[in-house]
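Novice: Predicted coordinates and the sequence they were generated for:
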Amino acid sequence: GEDVEQSLFLSVREGDSSVINCTYTDSSSTYLYWYKQEPGAGLQLLTYIFSNMDMKQDQRLTVLLNKKDKHLSLRIADTQTGDSAIYFCAESRWGKLIFGQGTELSVKP
Amino acid sequence: GAVVSQHPSRVICKSGTSVKIECRSLDFQATTMFWYRQFPKQSLMLMATSNEGSKATYEQGVEKDKFLINHASLTLSTLTVTSAHPEDSSFYICSAADRASSEQYFGPGTRLTVT
């Protein structure tokens, strides 16, 4: 299909790890992205991964890419209440960004 | 980091009027800007790609006469919602692609409410 897909909700306890999953469709996408959106705000780029990599770590964030299965995940270690937001994955397709539906992460104290 | 601003951040207008939303890249030049629309609890839907000095490219199903886009300079693109109706109420977000790096930076969004 045409869609980038994510699960809609994830709830974790403060201090736990969060894993947000995404499946994409275009195997020729060069870059895959994770964005964070807080209520009423625009998008903040968290991290991205080049398609020839299978893992990228950036402080508390770890991105895993399984190109064969077109599966992307974002792991947030030691999740904090400030991490509560909506997380979007996106693939780059013909110079445009195609977004998933977003995963709402709720972090409970 | 690179900053993209949008103005206004919120606007309420009456049905039938037109509303203009500005998107500015504050510290870089953007030959390409993108306009997205986001409904509550939903993803961003790309409406159009705006290229400096040329006509915008609209995505399928987006009415170009309804959503007028002008990209008159390397730092400014405008989206005008003409003859707005309540169903046009939405969150409109722009992004600007840095001419030097091609990286996209997003604006904070504009909440449009049509009464």
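Specialist: Yep, it's here.
Novice: what's around residue 89, how many residues?
Specialist: Just going to use chain A. Around A:Cys89 sit 26 other residues, with neighbours defined as other Cβ atoms under 10 Å in any protein chain shown. C-beta: built from backbone N, CA, C; applies to glycine.
Novice: wrong chain, I was asking about chain B
Specialist: The burial metric for B:Ser89, expressed as a neighbour count using other Cβ under 10 Å, is 17.
Novice: So which elements touch the helix or strand where A:Tyr87 lies?
Specialist: With elements taken from DSSP states H and E, the one containing A:Tyr87 is strand A:85-93. Strand A:85-93 sits against strand A:5-6, strand A:18-23, strand A:31-37, strand A:71-76, strand A:96-99, strand A:103-108, with contacts defined as 3 or more Cβ pairs under 8 Å, 6 or more residues apart in numbering or on different chains; DSSP states H and E.
Novice: Need the pLDDT of the residue minimising distance to the centre of chain B.
Specialist: The geometric centre of chain B, computed from its C-alpha atoms, lies nearest to B:Trp35 (Cα atoms, centre = their mean), at 3.8 Å. According to the model's per-residue confidence, B:Trp35 sits at a pLDDT of 96.
Novice: Please look at it and B:Ala48 and confirm they touch.
Specialist: Yes - using Cβ atoms under 8 Å, B:Trp35 is in contact with B:Ala48, at 5.2 Å.
Novice: Now the common contact residues for those two.
Specialist: Here B:Trp35 and B:Ala48 share the contacting residues B:Phe67, B:Ile69, scored by Cβ atoms under 8 Å, 6 or more residues apart in numbering or on different chains.
Novice: Flag every residue of chain A that's near chain B.
Specialist: Taking Cβ under 8 Å from any Cβ of the partner chain as the contact definition, chain A meets chain B at A:35, A:40-45, A:88, A:95-102, A:104.
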